[in-house]
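[1] got a predicted structure plus its sequence, pasted below:
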Amino acid sequence: MSVSATTRPPRPGERDGIDYHFLDDEAFDRLIATDALLEWAAFGGHRYGTPRASVEARLAEGRTVLLEIEVQGARQVRERFPDAVLVFLAPPSEGVLRERLEARGADDPARIAERLELGRAELAQADDFDHVVVNDDIEAAASAIGSILDTPVS
């Protein structure tokens, strides 16, 4: 699993280098300018990206690398790695997505409405992915993703 970089502040309990690499805007700009990110995108008023070096090192070792990214980033990965396997993780419904966002307690109602709108737009792009996994049960979703990862790429 890769560790993404982000310009957003850590949430309670998140640790730098474990959950994300938490960066200020200038540090993130340097990564972009030096092509040190495999992909990056703005999401929710912050920027997120995948550091290129760690992914390429793992791939060179013959390892599978799992990226947890959004739709824009997935497109960038597909451009750089045409044989990448893209998995869209979908909520079971918009209502469940709303409940999950509200339960996190991290966003105000306006921000939740923005995220729901973004979710609808991203869900409309799910057909661009190789697989769609509905996250209605965490264990079943993890098992489905594990099965996809275990399938040899031809």
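    Right, received. Where do you want to start?
[2] quick one: contacts of the lowest-mean-pLDDT helix or strand in the chain?
    Of all helical and strand segments in the chain, the minimum by mean pLDDT, DSSP states H and E falls on helix 94-104, at a mean of 84. By C-beta atoms under 8 Å, 6 or more residues apart in numbering, the surrounding residues in contact with helix 94-104 are 91, 107, 112, 115-116, 119-120, 136. Every C-beta, even on glycine, is put in place using the N, C-alpha and C of the backbone.
[3] same thing but at 6 Å, please
    Where contact means C-beta atoms under 6 Å, 6 or more residues apart in numbering, the residues beyond helix 94-104 that reach it are 91, 112, 115, 119.
[4] mind checking which of the residues you listed land in helices?
    112, 115, 119 (DSSP state H).
[5] list only those of those flagged as buried.
    112, 115, 119 (16 or more other C-beta atoms under 10 Å).
[6] any idea which of those is least confident?
    Checked by pLDDT, these have residue 115 as the lowest-scoring entry (83).
[7] tally of neighbours for the closest residue to it other than its chain neighbours?
    Closest residue to residue 115 apart from its sequence neighbours, by C-beta to C-beta, 6 or more residues apart in numbering: residue 101 at 5.7 Å. By the criterion of other C-beta atoms under 10 Å, residue 101 has 19 neighbours.
[8] what helix or strand is the closest residue to residue 49 other than its chain neighbours located in?
    Closest residue to residue 49 apart from its sequence neighbours, by C-beta to C-beta, 6+ apart: residue 40 at 3.1 Å. Per DSSP states H and E: residue 40 is located in strand 37-43.
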